[in-house]
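K.L.:
have a look at this fold, sequence not included:
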């Protein structure tokens, strides 16, 4: 044994190198769930229903267009939507009586981007009734508190022109309310029927505005106005009381008085013309009728006594009178309705309404504009 060789156990053997840790298993990615068959079925079903509805609408429009062409289409010379004749009451007769409705505020405001409005609608309906030889009379149903002076006058002129041009009678049937501009449009008619409880009359002119200068002063707001003439801002709503001159008040009142005189002249000439044609069957204006043309509301009974209407009754009374005056015994009742087309459909779908805040006062306030003249019966109910 070598003396240099140590006796006893040798140094501890070195530990084997550690094995590297096993790499972590990658996360398991689950495949996306297969779409449920029921949901897919519903989507397909909705698409099919939408296509069917669109196809049905297209076919309906085509049929209506062909039908309108066979009936002469809409009124010639009109750029508005097509009007389609609809039978309201079929009495198995070749004769017709056209029913034209005048409901709500009378205005020339356009309904949509096409510029079509109430005045043009009434004109187009009268034109269609005039050009149809089978239409012998028009029943004008009025339920309106009135409205704009110009719009009321244009409708009244259209009625007078229709009767003169086509030789067909127009009978007015007043419903619950036919006041101010509503009565104005009835005056040119050959015959006027009112219910005993109809509210009518209100012969007069209204022009109103609001002076909000007091509110501006409280808020510390002061207007700065530059004008070309001394009366250019005569209807401005932010004037101080002393800034409203007597001349301005006189000019504004003169506008009202001139329009009021026009109203009375229309009543006088319209009722006198009807009395000449109707004779003893109708009612002539009372000698003191102008005493009742002071803006007051009248019942149908009171209007009858003064001579503002020819007969008391309901819509059936007016229809019977229309048949008698036109010399027919039976007639189908028809209306002219706006026909839905692709243009109006797209306008409807693409129309956006501005955000507005409305305060519910318990009644509807007519949309009066400052400085505009109105034949309007101010009432908390309309």
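P.N.:
Thanks, I have the structure now. None of these values were measured; they are calculated from a predicted model. Numbering: from 1, shown residues only.
K.L.:
can I assume residue 242 sits in a helix?
P.N.:
Yes - membership of residue 242 in a helix is supported by DSSP: H, G, I helix; E, B strand; the rest coil.
K.L.:
residue 324 - that's part of a helix, no?
P.N.:
Yes - counting by three-state DSSP, residue 324 falls inside a helix.
K.L.:
mind checking how far it is from residue 303?
P.N.:
Using Cβ to Cβ, to the nearest Å, one obtains 21 Å as the distance from residue 324 to residue 303. The C-beta positions use only the backbone N, C-alpha and C, and glycine is treated the same way.
K.L.:
more neighbours: the two, which one.
P.N.:
residue 303 (25 against 15; other Cβ atoms under 10 Å).
K.L.:
ok, the more buried one - contacts?
P.N.:
Residue 303 sits next to 194, 198, 200, 201, 309 when contact means Cβ atoms under 8 Å, 6 or more residues apart in numbering.
K.L.:
cool, and residue 168?
P.N.:
129, 130, 135, 136, 137, 138, 162, 326.
K.L.:
in strands, which of those residues appear?
P.N.:
If you go by DSSP state E, the contacts of residue 168 have 135, 136, 137, 138 in strands.
K.L.:
lowest-pLDDT helix or strand in this structure?
P.N.:
Of all regular secondary-structure elements in the chain, judged by mean pLDDT, DSSP states H and E, the least confident is helix 342-350 with a mean of 49.
K.L.:
how close does the residue nearest the centre of the chain get to residue 338?
P.N.:
Closest to where the C-alpha atoms of the chain average out (Cα atoms, centre = their mean) is residue 111, at 6.2 Å. Computed as Cβ to Cβ, the residue 111 to residue 338 distance reads 9 Å.
K.L.:
can you show me the helices along the protein?
P.N.:
37-70, 118-131, 149-166, 181-186, 213-219, 246-278, 300-306, 315-326, 342-350 (DSSP state H).
K.L.:
off-centre distance for the fourth one?
P.N.:
Put plainly, it is helix 181-186. In terms of Cα atoms, centre = their mean, to the nearest Å, the centre of helix 181-186 is set 17 Å apart from its chain centre.
K.L.:
again, but for the third one
P.N.:
Centroid displacement of helix 149-166 relative to its chain, using Cα atoms, centre = their mean, is 19 Å.
K.L.:
what is that helix packed up against?
P.N.:
The contact analysis (3 or more Cβ pairs under 8 Å, 6 or more residues apart in numbering; DSSP states H and E) places helix 149-166 against helix 118-131, strand 169-179, helix 181-186, helix 246-278, strand 374-376.
K.L.:
out of the ones you listed, deepest packed?
P.N.:
Of all these, helix 181-186 carries the top mean neighbour count, a mean of 31, counting by mean count of other Cβ atoms under 10 Å.
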